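Novice: based on what follows, work out the 3D shape:
(one chain, ligands or ions: 1)
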Amino acid sequence: MAIATVNPATGETLKTFEPLSEHEVDERLALAAAEFRTYRATDFKQRAAWMQSAAGLLESEQEEVARLMTTEMGKTLTAARSEVAKCVKGMRYYAEHAEEFLADEPVDAPAVAARRAYARYQPLGPVLAVMPWNFPLWQAVRFAAPALMAGNVGLLKHASNVPQTALYLGGLFARAGFPPGCFQTLLIGSGQVEAVLRDRRVVAATLTGSEPAGRSVASIAGSEVKKTVLELGGSDPYVVMPSADLDAAAATAVTARVQNNGQSCIAAKRFIVHTEVYDDFTGRFVARMEALRVGDPMDDSTDVGPLATRQGRDDVEKIVADAAGRGARVLCGGWSPDLPGWFYQPTVIADITPEMRLFGEEVFGPVASLYRAGDIDEALALANATSFGLGANAWTTDPVEQERFVTELEAGLVFVNGMVTSYPELPFGGVRNSGYGRELSAHGIREFCNLKAVWIG
Ligand code: NDP
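Specialist: This next block holds a predicted model:
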């Protein structure tokens, strides 16, 4: 894919960029490695001051950055503003808590025959972050804020369709006072990632994106014995049981499915409804999906903007056609509006069977699949039936059912009577083919640290 800003609402190419040459990449890696030697010795107070300054700058530039993201990948301006606010919060969170999260952990010294023993977290070095376009600022910030606060330095290879957001972020940390090599944006295509990953100056990598990209980066890193954190796709279940508040469940279901124009790894994608409330829930849900306004993402009254790329819209059209062709019932949507750009109408599909692609694959667009479950066992079996394991939502007020969902849903995040979302305070990540490792919270900042055992006799 060319490195370019192409407005998904119009299809117009606004700006193209030349990828960095091998020599330019080498210069940046050299700078990162050199910077790490001094940056690692800075104290938390200094790093926190720079991080707070970056948060302040970002907050003051919210509108401009939000418009840039909307222009590059089509999320509604309202959603883009919220994303900026979330990043500011995430940066401040790590500025305030990094020192406590990475404090020495004392160990019972006599038990290990020492005078003193403890575990110490130390930074690892330059970490490569391969990031996707769907939350172009947040995905990168939730790597950058903990990485920088831990004393690591970051190299961002962002998705090729959000180059201006990527450059903004690189510049933001520098303007905030971080030394120039602490966080650099590498404008490179995915074909240039392997060489960076194999370079001895890069010590670890994190990737958020598709399963094939994750497998590729993890296998290269594995052959170099470099640690990776992977946050890949999901096909999150959203289970509705008879005791649920159906109106709240239906309203939240719409947001959970169409957030970010349907392009979120933790969007609810499969709606598994108990047979007793299936018709009632479906009526409310479909009515709300039909009422959504599709259109210009810059317009504050728009609910759903375009998909980020033509390829993404083609993929959604194909997966829906596959289901419809095999007998699924389209209850609403199922078509692309006749507009310039890559729009897709919010869609609900019922009667999905295992041979349809929709059953097992992630659909990255505003398409909800409906399933009917006879009881909680069937609901759990359906919820766990894909190869993914990122988030899961369950709606029930019955405490016994709640406990079963918490325990038996095979996912990295379980939200009961609410919508899966990320908070700086909660660990974030998946199991199975959704990836491994955790971002956010104390766990996220510790992923790229050397946890050194110290024994003093
Ligand atoms: P990709 O996984 O292809 O892109 C994500 C990032 O990985 C981009 O920076 C991309 O660079 C890079 N990349 C892609 N292939 C490789 C590779 N072989 N080696 C190293 N880096 C690579 O996602 P797409 O944008 O193509 O979306 C495809 C599907 O992925 C979606 O439909 C969705 O299912 C899933 N996805 C999941 C996301 C999530 O949040 N978990 C986010 C985005 C997508 P470049 O842009 O230059 O190709």
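
Novice: would you agree Leu197 is in contact with Val127?
Specialist: No. Here Leu197 lies out of contact with Val127, judged by CB atoms under 8 Å, at a distance of 10.9 Å. For every residue, glycine as well, the C-beta is placed using N, CA and C.

Novice: of the two, who's got more company?
Specialist: Neighbours per residue (other CB atoms under 10 Å) separate Leu197 from Val127, with Val127 holding more: 28 against 23.

Novice: let's verify that one: helix, strand, or coil?
Specialist: strand (DSSP: H, G, I helix; E, B strand; the rest coil).

Novice: one step back: between Leu197 and Val127, which contacts overlap?
Specialist: Common contacts of Leu197 and Val127, defined by CB atoms under 8 Å, 6 or more residues apart in numbering, comprise Ala205.

Novice: tell me which element Thr255 is part of?
Specialist: In the assignment (DSSP states H and E), Thr255 maps to helix 246-258.

Novice: any idea how the protein splits into domains?
Specialist: Recorded structural domains for the chain (assignment: automatic domain parsing) are 4-232+432-456, 236-416.

Novice: pull the contacting residues for the closest residue to the ligand within the stretch 351-457 of the chain.
Specialist: Here the residue of the stretch 351-457 of the chain nearest the ligand is Phe364; by CB to the nearest ligand atom that distance is 3.4 Å. With contact taken as CB under 8 Å, 6+ apart, Phe364 is in contact with 233, 262-263, 307, 312, 315-316.

Novice: same deal with Glu96?
Specialist: Ala48.

Novice: I'd assumed it was in a helix, is it?
Specialist: Yes. Assigned with three-state DSSP, Glu96 falls within a helix.

Novice: which residues of the stretch 1-150 of the chain lie near the ligand?
Specialist: 1, 130-134 (CB under 6 Å from any ligand atom).

Novice: TSV please, covering the residues you listed and showing neighbour count.
Specialist: Listed next are these as TSV, based on neighbours: other CB atoms under 10 Å:
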residue	neighbour count
Met1	11
Val130	28
Met131	28
Pro132	24
Trp133	24
Asn134	23
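
Novice: give me the subset of those that lies in strands.
Specialist: Residues of these located in strands (DSSP state E): Val130.

Novice: min pLDDT across the contacts of Phe364, which one?
Specialist: Lowest pLDDT of the contacts of Phe364: Gly233, 93.

Novice: state the phi and psi torsions of that one.
Specialist: Backbone torsions for Gly233, taken as degrees, to the nearest 10, come to phi -80, psi -180.

Novice: mind listing the helices for the stretch 251-400 of the chain?
Specialist: For the stretch 251-400 of the chain, the helices defined by DSSP state H, counting those that start in this stretch cover 278-290, 310-325, 357-360, 376-383, 399-408.

Novice: in a markdown table: the ones you listed, plus mean neighbour count and distance to the ligand.
Specialist: As requested, these are exported to a markdown table (neighbours: other CB atoms under 10 Å; distance: least, CB to the nearest ligand atom, whole Å):
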| stretch | mean neighbour count | distance to the ligand |
| --- | --- | --- |
| helix 278-290 | 18 | 20 |
| helix 310-325 | 17 | 6 |
| helix 357-360 | 18 | 12 |
| helix 376-383 | 19 | 19 |
| helix 399-408 | 15 | 23 |
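
Novice: of these, which is nearest Thr208?
Specialist: Set against Thr208 and scored by CB to CB, those come closest in helix 310-325, at 15.9 Å.

Novice: and Thr396, its phi and psi?
Specialist: phi -160, psi 150.

Novice: residues near it, how many?
Specialist: A count of neighbours around Thr396, defined by other CB under 10 Å, yields 22.

Novice: dump the residue contacts of it.
Specialist: By CB under 8 Å, 6+ apart, the neighbours of Thr396 are 239, 241, 243-244, 402, 405, 416-417.

Novice: will you turn those residues into a markdown table that also has distance to Glu224?
Specialist: A markdown table is the format used below for the contacts of Thr396 (distance: CB to CB, whole Å):
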| residue | distance to Glu224 |
| --- | --- |
| Val239 | 41 |
| Met241 | 47 |
| Ser243 | 51 |
| Ala244 | 48 |
| Gln402 | 44 |
| Phe405 | 40 |
| Val416 | 41 |
| Asn417 | 44 |
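
Novice: spell out which parts of the stretch 301-450 of the chain neighbour the ligand.
Specialist: The stretch 301-450 of the chain comes close to the ligand at residues 312, 315, 362, 364, as judged by CB under 6 Å from any ligand atom.

Novice: want to throw the domains of the chain into JSON lines with distance to Ser422?
Specialist: JSON lines is the format used below for these (distance: least, CB to CB, whole Å):
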{"stretch": "domain 4-232+432-456", "distance to Ser422": "6"}
{"stretch": "domain 236-416", "distance to Ser422": "7"}
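
Novice: select, out of the ones you listed, the one closest to Tyr423.
Specialist: With CB to CB as the criterion, Tyr423 lies closest to domain 4-232+432-456 of those, at 7.1 Å.

Novice: gap between the two ends of that closest one?
Specialist: End-to-end span of domain 4-232+432-456 (CA to CA, to the nearest Å): 55 Å.

Novice: quick one, strands of the stretch 351-457 of the chain?
Specialist: Remark: strands assigned in the stretch 351-457 of the chain by DSSP state E, counting those that start in this stretch are 367-373, 391-395, 413-416, 435-436, 449-456.

Novice: remind me what the fourth one packs against, helices and strands.
Specialist: Based on contacts counted as 3 or more CB pairs under 8 Å, 6 or more residues apart in numbering; DSSP states H and E, the elements that strand 435-436 packs against are strand 227-231.

Novice: contact partners of the strand it packs on?
Specialist: Residues contacting strand 227-231 (CB under 8 Å, 6+ apart): 124, 203-208, 214, 217-218, 221-222, 265, 390, 428-430, 434-439, 447-448.

Novice: now it: buried residues?
Specialist: Neighbour-count burial for strand 227-231 flags 228-231 (criterion: 16 or more other CB atoms under 10 Å).
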